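Engineer: Requesting a structural model of the entry that follows:
(2 chains)
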Amino acid sequence: MAVTQAPPARSLAPRPVPSFGRRTRGLLFSEWTKFRSVRSSFWALALTAVTALGGSGVIAVSSALANKGSGLPLDPMASIFFAWLEYPVLAVGVLGVLAFGSECNTGQIRTTFSAVPQRATVLAAKASVLGAVVLVLGEALAFGSFFLSQAVLAAHHSELSLARPGEVRAVLAGGFSLFVVAMVGLGLGAIIRHTAGAVAALPAVLYLPLLVLSLPSPWADRIGSYTILMSAYQLVSLHRQPGLLAPALSLVVLVAWPAVLLVTGAIATKRRDA
Amino acid sequence: MRELTKNFGPVTALDRLSFVVQPGRVTGFLGPNGAGKTTTMRVVLGLEGPTAGSALVGGRRYQELVWPLHEVGSLLDANAVHPGRAARDHLLSVAQANGITKRRVEEVMELTGLSTVANRRLRTYSLGMKQRLGIATALLGDPAVLVLDEPVNGLDPEGVVWARELFKALAAQGRTVLVSSHLMGEMALCADHLVIVGRGRLLADMPIESFVQANARSDVVVRAPRAAELAELLRGRGASVEREADGALAVTGMGSPEVGELAAEHGIALHELFARHASLEQAYLDITADSVEYRAGGAGQSGRAA
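Structural biologist: Take a look at the predicted model:
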């Protein structure tokens, strides 16, 4: 058992630092491997797809029936995506929460941070991988929902066409709003570091602020238009309603929510013990 | 490790703990539950910040390392994995984050005997299999330093022997191997050097041989009807003799043959005569006796002064 002759010590001299590109690529691949290798990712994505297509389909049918003979609804776009702001956002938000929260719950996060002690970078990589997946899926679903609704409405002699001004923007915005909510979920997961807690916080962040909509006018709109879901609504509407924010400002508000949460999450993650 | 102090609120987990772990040998990191072994390792790996002091690996803080798995491999908690992920995907995700190839992932699974269960999800793994996975993870980057917290916990006897040989082999390759345990017996079989802590303080830091020499008391126990007479004779020859509670004599400074010869010379009948070696386990318990954090309350056991 005794080592009579000490073997040559392994060198601990600093190794050449891999390039930023290689580090980034490695980290993104790592996060992608993690994302694709748990079933909850697929379930959350599937639930997002079903609720998105189903929700807009149902709304299209009901609005077509309701508007029979009375022409188009006031804003067909807003009505397509109306259901989106209820159900798919929850599914995709939970997906975001799980991306970080489940690592904290299982202890996986300690393995992750042992491999990459630069914690904010880990969060950024997660946001990139999750963001890319949700953005692609979200836009696909947005156009899918659009064409589905168009088909339904056409059967009832209502019109909807991407050729009309603002419609492409509105459809893109529908997909983008799912991306935003996924990032909100990720930020909450990083701040709360507990899946159940963050899942509970998600509807609180999405829906509770909507209570201001019951304030007396004009305060309802003045404050309410800065909530996540109202910003998304303003962005998917074809016609700007009086008192609400213009699309450009809505976009800024919509990006600011996840940005603030993710930065807070990054700071919290760096500071706290893992 | 320099003057490492870690406070959790009012609780001092590490109290100016300083020691150096050398390459080329297995260093056993011992201490009772709650002594601060895991906390020390977590601080080394940058999972916790020290309240004061610093823990350096090769002169640098862990947080400064880029792709640290090439320099430090660690196993802190075998359960720190996502249970829904398959072993191969788990290892691959860790490997990719440090630019390690798929081939290396297969190699470490081969090395730890996990190849046949690589596609099984980790919730189906036993603790022993997870320990193997943790060791595989630690070896991914072929690191010069290994930090392993209770790695043999949950391994079957065969696995324990395997792990022991593995650690020795890794040290023999010139690596620095720090292995924690609360079992002296385990360390006696694989460590070359011991670092013992209790209640966050350093209690011992020495080669295992020195520990054995310094602490493993050995004496001769002799039982005779004419014990008092024999004791006098033994003292007359320069041995020191103590009478034990059951009437036996504990003789130090003289071997059992000499004791037997002396008794025969004087016609003293011996009922029992044997050499007694206090185990390392006992020596370890003696050292840590004052610093046991969690002790089962038992009869005759007075409460530890707070």
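Engineer: Is residue 263 within a helix or a strand, and which one?
Structural biologist: If you meant another chain, say so; for now it's chain A. Residue A:263 belongs to helix A:247-271 when assigned by DSSP states H and E.
Engineer: hm, I was asking about chain B
Structural biologist: Here residue B:263 sits within helix B:256-265, counting by DSSP H and E.
Engineer: List the buried residues in that helix.
Structural biologist: Neighbour counts over helix B:256-265 (16 or more other CB atoms under 10 Å in any protein chain shown) mark B:256, B:259, B:262-263 as buried. Bear in mind the C-beta positions are built from the backbone N, C-alpha and C, glycine included.
Engineer: What I need now is those residues written out in a markdown table, including distance to residue A:28 for each item.
Structural biologist: Shown next, in a markdown table, are the buried residues of helix B:256-265 (distance: CB to CB, whole Å):
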| residue | distance to residue A:28 |
| --- | --- |
| B:256 | 70 |
| B:259 | 74 |
| B:262 | 80 |
| B:263 | 80 |
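Engineer: OK, now which residue of the stretch 51-200 of chain A is nearest to chain B?
Structural biologist: Residue nearest to chain B within the stretch 51-200 of chain A (CB to the nearest CB): residue A:107, separated by 3.4 Å.
Engineer: Just say helix, strand or coil for the closest residue to that residue other than its chain neighbours.
Structural biologist: Distances taken as CB to CB, 6 or more residues apart in numbering or on different chains place residue B:80 nearest to residue A:107, at 3.4 Å, with adjacent residues excluded. Of the three states, residue B:80 takes coil according to DSSP: H, G, I helix; E, B strand; the rest coil.
Engineer: Could you pull up the contacting residues of the residue nearest in space to the middle of chain A?
Structural biologist: Nearest to the geometric centre of chain A sits residue A:182, at 2.1 Å (CA atoms, centre = their mean). Applying CB atoms under 8 Å, 6 or more residues apart in numbering or on different chains, we find residue A:182 in contact with A:92-93, A:95-96, A:130-131, A:134.
Engineer: Save the residues you listed as TSV, and put in secondary structure and distance to residue A:265 too.
Structural biologist: Supplementary listing: the contacts of residue A:182 in TSV, determined by DSSP: H, G, I helix; E, B strand; the rest coil; distance: CB to CB, whole Å:
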residue	secondary structure	distance to residue A:265
A:92	helix	17
A:93	helix	14
A:95	helix	16
A:96	helix	11
A:130	helix	13
A:131	helix	14
A:134	helix	17
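Engineer: Pull the most distant pair out of these.
Structural biologist: The two members of the contacts of residue A:182 with the most space between them (CB to CB) are A:93 and A:131, at 13.3 Å.
Engineer: Have a look at these two and say which one is more surrounded.
Structural biologist: Counted by other CB atoms under 10 Å in any protein chain shown, residue A:93 and residue A:131 do not tie: residue A:93 has more neighbours, with 30 against 19.
Engineer: Look up the closest residue to the more buried one, ignoring the ones flanking it.
Structural biologist: residue A:185 (3.9 Å).
Engineer: Distance of that neighbour relative to residue A:101?
Structural biologist: Counting by CB to CB, to the nearest Å, the gap from residue A:185 to residue A:101 is 9 Å.
Engineer: where does chain A have low pLDDT?
Structural biologist: A:1-14, A:67-76, A:157-161, A:163 (pLDDT under 70).
Engineer: swap the cut-off to 80 and go again
Structural biologist: In the predicted model of chain A, residues A:1-15, A:63-80, A:82, A:153-166, A:238-242, A:274 satisfy pLDDT under 80.
Engineer: how is chain B carved up into domains?
Structural biologist: B:2-214, B:216-281 (automatic domain parsing).
Engineer: Just give me the neighbour total for residue B:110.
Structural biologist: Residue B:110 has 12 nearby residues by other CB under 10 Å.
Engineer: Am I right that it is in a helix?
Structural biologist: Yes: secondary structure of residue B:110 (three-state DSSP): part of a helix.
Engineer: Could I get the full set of strands for chain B?
Structural biologist: Assigned by DSSP state E, chain B shows strands spanning B:2-8, B:11-17, B:25-30, B:52-54, B:72-75, B:145-149, B:176-181, B:193-198, B:201-207, B:218-223, B:240-243, B:249-252, B:272-277.
Engineer: Adding distance to chain A, write those out as CSV.
Structural biologist: Formatted as CSV, these follow (distance: least, CB to the nearest CB, whole Å):
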stretch, distance to chain A
strand B:2-8, 9
strand B:11-17, 11
strand B:25-30, 6
strand B:52-54, 15
strand B:72-75, 5
strand B:145-149, 7
strand B:176-181, 7
strand B:193-198, 9
strand B:201-207, 8
strand B:218-223, 19
strand B:240-243, 30
strand B:249-252, 26
strand B:272-277, 17
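Engineer: just to revisit the earlier point, so which of the domains of chain B is the most packed in?
Structural biologist: Here the criterion is mean neighbour count by mean count of other CB atoms under 10 Å in any protein chain shown, and of the domains of chain B the winner is domain B:2-214, at a mean of 20.
Engineer: mean confidence score for that one?
Structural biologist: The average pLDDT within domain B:2-214 is 90.
Engineer: go on, stretch B:256-276?
Structural biologist: Model confidence over stretch B:256-276, given as mean pLDDT, is 88.
Engineer: Understood, closing this out.
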